[in-house]
Structure formats: structure tokens, C-alpha cells
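> Pasting the sequence and the predicted coordinates here, then a few questions.
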Amino acid sequence: KAGVTQTPRYLIKTRGQQVTLSCSPISGHRSVSWYQQTPGQGLQFLFEYFSETQRNKGNFPGRFSGRQFSNSRSEMNVSTLELGDSALYLCASSLDSGPAFTQYFGPGTRLTVL
Amino acid sequence: GQQVMQIPQYQHVQEGEDFTTYCNSSTTLSNIQWYKQRPGGHPVFLIQLVKSGEVKKQKRLTFQFGEAKKNSSLHITATQTTDVGTYFCADAGGSQGNLIFGKGTKLSVKP
């Protein structure tokens, strides 16, 4: 089976812009979670989508949003970018909803905000 | 909020030496998952521990879950250069239905 894919792999934006990242889960996986990884804060949970519904949400401002399509593909959007949003954004897919299910991570999107 | 503390933050070893990373929590852990992230890569699932006192082995890797379910450890016997990377533990008991990751232990192996 193909793994989790994320596009684009690298992105450079300026403050105030918005960005959309895409994630295609492993075939048959219905849950997609998004994480932000920075050297200082480590891996932090953004949100989880399952069956096109947001199931869980982490402690991030409303500028961070996401959605899931009927084919389980997911997108996350960050509006009004800030310098502190520079990070590696990882999506992870799993068979079902909930953290007890093994998370399969994609390669990530490296976002740089200038 | 819930926190998972991982120590040490960095570990430098000579190839062939053993390595251990520890994961601790002040609250009872739900279940513990371990991941490895190679430099420039993404986290890859290694194992999940669910039961109190559970011990699992994968070749040179030994994973343990504490009796009180408040700590876990990963031990690598006779490290190899292929073991280089950051090892994360994660608790599946996040209040937001999420995994809570430790900050990781970055392992470097000198050949």
C-alpha cells in the first residue's frame, strides 16, 4: 500500500498570507490527524478528522482550520500567517478514530514564514 | 495540562554501547506508543504498550511499561549507526482525544 502523502513538501510564505496543505491518507484509513512540529514545542496535536467531521481539536487559534473530503483526503488551512507558524506540519492517518490506533505519518510539509 | 516528560533530551553513544530513554508522567498513562524519527524524516510507529508491567522486544529494542503505568522506557542493546534518530513516546490518553508526545530523545551514534 502507498503511504501517507503530503503536498507540497516545502512552502515559503510571508506574514499575513494564508496557506493550504494537503494530505492523502493510506487507502482504507478513515481518520486523519494533523500535528505541528517545532524544535521548541515538539509535536503538538492540531486536530483530527474522521468521516468528514472534526472529532478532536488541540489548543491552536482559530486561524488553523481543516476539513476532510469524502475520499478521506484532508486539507488544513492557516490564515494570517505569523512568523511563529514556521514549522513542519505532519499529517497522520489511521484506520479508525482515536489515539489508540496506530498513526502512520506522512513526510510532512515544511512551512517557512518570512 | 497533561505532560509526558522524556529524558534525556540528547544521548551520544559509541557504536556498540547500550542506550535507554525514559518517559515519565505524573498521571496514569493510558497506553504508550513509541515512535522513531530519522533525521529529515517523519515519525514512524515502533510499538504500543497497553498493560501494566508489559515488556515487548523487537530485535535489539526492549520496551517496558511501568507497573503503575506512570513511566515507560525504551532500551537499545549494542547500538548501530542505523539507530540514529529521535525517539518519541506518546500517551494515547490526551483529554482532547489525541496523542500527547514527549519532546523526544535524540540519539547520535559514533562509529
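Arrived safely, thanks for sending. Numbering: from 1, shown residues only, chains lettered A, B, ... in the order given.

> Now for chain A, the helix or strand with the poorest mean pLDDT.
Least confident helix or strand, chain A: strand A:53-57 with a mean of 92, by mean pLDDT, DSSP states H and E.

> Mind listing residues that contact that one?
A:31, A:33, A:45-49, A:66, A:68, A:97, B:96-98 (CB atoms under 8 Å, 6 or more residues apart in numbering or on different chains). Bear in mind the C-beta positions are built from the backbone N, C-alpha and C, glycine included.

> Let's have those in TSV, adding neighbour count.
Shown next, in TSV, are those (neighbours: other CB atoms under 10 Å in any protein chain shown):
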residue	neighbour count
A:Ser31	24
A:Ser33	31
A:Phe45	24
A:Leu46	22
A:Phe47	23
A:Glu48	29
A:Tyr49	27
A:Gly66	22
A:Gln68	24
A:Ser97	19
B:Gln96	17
B:Gly97	18
B:Asn98	25
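
> what's the most distant pair in the residues you listed?
Taking CB to CB as the measure, the contacts of strand A:53-57 reach their widest spread between A:Gln68 and B:Gln96, a distance of 17.2 Å.

> which parts of chain B sit against chain A?
Applying CB under 8 Å from any CB of the partner chain, one finds that chain B approaches chain A through B:30-31, B:33, B:35, B:41-45, B:48, B:88, B:90, B:92-94, B:96-104.

> Could you pick out the buried ones from those?
Neighbour-count burial (16 or more other CB atoms under 10 Å in any protein chain shown) is assigned, among the residues of chain B next to chain A, to B:30-31, B:33, B:35, B:42-43, B:45, B:48, B:88, B:90, B:92-94, B:96-104.

> Just the residues you listed: which are in strands?
Assigned to strands by DSSP state E, the following of those qualify: B:33, B:35, B:43, B:45, B:48, B:88, B:90, B:100-101.

> Tell me the one of those residues nearest chain A?
B:Phe101 (4.0 Å; CB to the nearest CB).

> Which pLDDT value does the model give that closest one?
Note for B:Phe101: predicted pLDDT of 93.

> Now for residue 64, how many residues are close by?
Picking chain A for this. Number of residues near A:Phe64 (other CB atoms under 10 Å in any protein chain shown) recorded here: 18.

> ah, I was thinking of chain B
20.

> Pretty sure it sits against B:Glu54.
Yes - with contact defined as CB atoms under 8 Å, B:Gln64 counts as touching B:Glu54 (7.2 Å).

> Flag every residue of chain A that's near chain B.
Applying CB under 8 Å from any CB, we find that chain A lies next to chain B at A:33, A:42-45, A:48, A:55-59, A:90, A:92, A:97-100, A:102-108.
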